[in-house]
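> How does the following fold in three dimensions:
(one chain, ligands or ions: 1)
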Amino acid sequence: MADRNRVRCSCPRCTIRGLMGPAIIITIGLLLLLDQTRGGYLDFGNTWPVILLVIGAISLASALAPMTGHIVDTPAPPVPPVPPVPPMATPGTPAWQPPQNRQDQ
Ligand SMILES: [Zn+2]
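Below you'll find the predicted structure:
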């Protein structure tokens with residue numbers, strides 16, 4: 001499950017941080033479900049701060065989690081520029097044969 005994270009790291013901090021999105025979606029779904037089924041006091045207008053609580057709690061948990069085994073996403077090394085090909089090396093156009101190749105006759 002944790003391998004679906006954008007950051008390919010399985011340390012506790014990155015794992016908890018990867019749960020942020022699904023937790024927010026589940027929280028919003030639950031709050032809307034309560035809003036639709038119960039209503040009244042559990043109206044979404046009353047329960048929406050729970051989303052902030054979930055975000056804050058997960059942020060706090062990820063900040064407190066250790067980073068043991070953290071994999072730093074190193075950027076790819078820069079590709080060296082391809083040197084320009086000299087124009088005389090273009091194959092397929094044998095316009096001129098050197099005469100010294102015929103000395104074996
Ligand atoms: Zn990590």
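> after the longest helix belonging to the chain, next one along is what?
Ranked by residue count and defined by DSSP state H, the top helix of the chain is helix 20-37. Using DSSP states H and E, the helix or strand that follows helix 20-37 in sequence is helix 44-47.
> what pLDDT, on average, does that next one get?
In this model, helix 44-47 has an average pLDDT of 93.
> Identify each buried residue in that helix, please.
For helix 44-47, the neighbour count (16 or more other Cβ atoms under 10 Å) marks Phe44, Thr47 as buried. Glycine gets a C-beta too; all of them are placed from N, C-alpha and C.
> re the thing from before, list the buried ones in the longest helix of the chain?
Neighbour-count burial for helix 20-37, counted by 16+ other Cβ under 10 Å, picks out Ala23, Thr27, Ile28, Leu31, Leu34, Asp35.
> At the contact with the ion, which residues of this protein appear?
Cys9, Cys11, Cys14, His70 (Cβ under 5 Å from the ion).
> What's the local residue count around the second one?
A count of nearby residues for Cys11, using other Cβ atoms under 10 Å, gives 17.
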